[in-house]
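In: I'll drop the sequence and a predicted model, then ask my questions.
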Amino acid sequence: MANDIDLTSAINMAARLIAANLRRQAPVATGALQRSIRVSGSYTGDSIQFRYNYLYYGKFVDKGTGPYRVRGKGRTAQWNPSP
């Protein structure tokens with residue numbers, strides 16, 4: 001429609017801010033996980049959606065695996081791949 005607002009620049013800015021926040025929260029050993037974080041956004045007439053990608057092992061770095069999963073208040077630098 002002629003009256004639709006173009007949200008492309010706002011969505012791109014939000015995607016950059018989300019990616020920067022995720023990178024800031026990511027633990028750093030080699031920096032590969034931080035560099036792999038990518039966020040993109042899109043919208044249709046009635047919804048805005050953000051997608052993110054990062055190295056496969058990122059979710060295990062954050063949450064641990066199986067019986068070694070980190071639980072409780074002892075977490076100090078928690079990484080949140082789904083803000």
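Out: Arrived safely.
In: out of all of them, which helix in this structure is the longest?
Out: The single longest helix within the chain, with elements called by DSSP state H, is helix 8-25.
In: residues in contact with the helix or strand just after that helix?
Out: Beyond helix 8-25 in the direction of the C-terminus, DSSP states H and E gives the next helix or strand as helix 32-36. Helix 32-36 is contacted by residues R23, A26, P27, V28, N53, Y54, L55, Y57, G58, V61 when judged by C-beta atoms under 8 Å, 6 or more residues apart in numbering. All C-beta atoms are positioned from the backbone trio N, CA, C, and that covers glycine.
In: counting by contacts, list what the one helix or strand in the chain whose mean pLDDT sits lowest packs against.
Out: In the chain, no helix or strand scores lower on mean pLDDT, DSSP states H and E than helix 58-63, which sits at a mean of 75. Judged by 3 or more C-beta pairs under 8 Å, 6 or more residues apart in numbering; DSSP states H and E, the packing partners of helix 58-63 are helix 32-36.
In: report the buried residues of stretch 33-48.
Out: Buried residues in stretch 33-48, counted by 16 or more other C-beta atoms under 10 Å: L33, Q34, I37, V39, G41.
In: return the member of those residues nearest to A10.
Out: Nearest to A10 among these: G41, at 8.9 Å, using C-beta to C-beta.
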